[in-house]
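**Student:** sequence below, structure please.
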Amino acid sequence: MLLASRRRLRAEVLIVLGLSLGQSAVYSVVQLLDKMTRAPLSEATSTLNRSQSTREYFDLTYQLLDIIFALVPVVLVFYFLSSHAQGGREGAGGSGFARLGFNLARPGKDLLHGLGLAAAIGIPSLGLYAAGRALGITTAIVPSGLEAYWWTVPVLILSAVRHAIVEEVIVVGYLMDRFGKFGWSTPLAIVVSAALRGSYHLYQGFGPFIGNFAMGLVFAWIYTKTKRVMPLVIAHALLDIVAFVGFSLFGKAIGLG
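**Tutor:** Residues are numbered from 1 along each chain as shown. Predicted coordinates for the structure are as follows:
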């Protein structure tokens, strides 16, 4: 019975990853190989938040649809977690939101922890990006390729929140829960979670892989202590908002892009 349950959970994890960040990791590896076989990585560019149409309101529509559908695997994760808890097969775990700490149970503490974590991660990340560029192992990263419309900043903020929710809920909260049920040790689960985080950033080069792997180790370790993804979501969202919106507003003015 236990073996059958683990097989079911493994299939569940493969489905979730195949619809979300596992798929992104595969594409990321292919994109990295494509860039490396064209020219040195230092000459390549990785553009986030690309424009999808030259027509303003079609571009807005595509951006919003991307954000909405990217969150579907997160809904699936909470469905799996909640349905298992209600079915009694995993013990008294409550709702999926409570199990992963993705709720407003302690907004003040989560916000403070998120702010501190964003500051601790953000500053070293800038240094690592500069080092990666100097060593030629990181592409030039353009955080926003959107035109300057009235909706650009709100969409970039929504995009940042989307990335934060998808990555922290799936790669940290959900996978750490499932890896534990596979019987994996905590250190192994943390390393695999971090490796996945790094892998779907490989299209940006080896520097971002290293940086995101390190970030993944820290985030997963913190989750094992707090059992809450909300501070991680807040920290991640803040980091991306600063990068996306800051580049959109000031990138050209300071000679970036």
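**Student:** the helices in this protein, which residues?
**Tutor:** 2-18, 21-36, 56-70, 72-87, 96-100, 107-135, 152-167, 175-181, 186-199, 206-226, 230-250 (DSSP state H).
**Student:** pull out the buried residues from the fourth one.
**Tutor:** Spelled out, it's helix 72-87. 73-74, 76-78, 80-82, 84-85 (16 or more other CB atoms under 10 Å). (Glycine included, C-beta is placed from N, CA and C.)
**Student:** among the helices and strands of the protein, which has the poorest mean pLDDT?
**Tutor:** helix 72-87 (a mean of 85; mean pLDDT, DSSP states H and E).
**Student:** quick one: work out the angle between it and helix 21-36.
**Tutor:** Computed with axes from the mean of the first three to the mean of the last three CA atoms, to 10 degrees, the direction of helix 72-87 lies at 150 degrees from that of helix 21-36.
**Student:** relative to helix 152-167, how tilted is helix 72-87?
**Tutor:** Using the same axes, to 10 degrees: helix 72-87 against helix 152-167 is 40 degrees.
**Student:** okay, angle between helix 72-87 and helix 2-18 too, please.
**Tutor:** Between the axes of helix 72-87 and helix 2-18, defined by the same axes, to 10 degrees, the angle is 160 degrees.
**Student:** mind putting the buried residues of helix 72-87 into CSV with distance to residue 108?
**Tutor:** Output for the buried residues of helix 72-87, formatted as CSV (distance: CB to CB, whole Å):
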residue, distance to residue 108
73, 30
74, 24
76, 30
77, 26
78, 24
80, 30
81, 25
82, 26
84, 31
85, 27
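**Student:** which single one of those residues is nearest to residue 137?
**Tutor:** residue 73 (30.2 Å; CB to CB).
**Student:** with adjacent residues omitted, what lies nearest to that closest one?
**Tutor:** Leaving aside its chain neighbours, residue 73 sits nearest to residue 20 (3.9 Å; criterion: CB to CB, 6 or more residues apart in numbering).
**Student:** next, the one you found: phi, psi?
**Tutor:** phi -140, psi -110 (degrees, to the nearest 10).
**Student:** isn't it right next to residue 167, touching?
**Tutor:** No - taking contacts as CB atoms under 8 Å, residue 20 lies outside contact range of residue 167: 9.2 Å.
**Student:** mind listing what the closest residue to residue 53 other than its chain neighbours touches?
**Tutor:** Nearest residue to residue 53, sequence neighbours excluded (CB to CB, 6+ apart): residue 59, at 4.2 Å. Contacts for residue 59 (CB atoms under 8 Å, 6 or more residues apart in numbering) come out as 51-53, 146-147, 149.
**Student:** if you set the cut-off to 10 Å instead, what comes out?
**Tutor:** Going by CB atoms under 10 Å, 6 or more residues apart in numbering, residue 59 touches 50-53, 146-147, 149, 151-152, 155.
**Student:** same question for residue 185.
**Tutor:** Going by CB under 10 Å, 6+ apart, residue 185 touches 179, 191.
**Student:** got it, and the one 5 residues further on?
**Tutor:** For residue 190, the contacting residues are 172, 176, 179, 184, 216-221, 223-224, taking CB under 10 Å, 6+ apart as the criterion.
**Student:** can you put those in TSV and add pLDDT and neighbour count?
**Tutor:** Putting the contacts of residue 190 into TSV (pLDDT from 0 to 100; neighbours: other CB atoms under 10 Å) gives the following:
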residue	pLDDT	neighbour count
172	98	26
176	98	22
179	97	20
184	96	15
216	98	24
217	98	18
218	98	16
219	98	26
220	98	26
221	98	16
223	98	23
224	97	14
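**Student:** which pair in the residues you listed has the greatest spatial separation?
**Tutor:** 184 and 218, at 18.9 Å, using CB to CB across the contacts of residue 190.
**Student:** re the thing from before, buried ones among the contacts of residue 59?
**Tutor:** 51-52, 146, 152, 155.
**Student:** any idea which of those is closest to residue 103?
**Tutor:** Taking CB to CB as the measure, residue 103 sits nearest to residue 155 out of the buried ones among the contacts of residue 59, at 25.8 Å.
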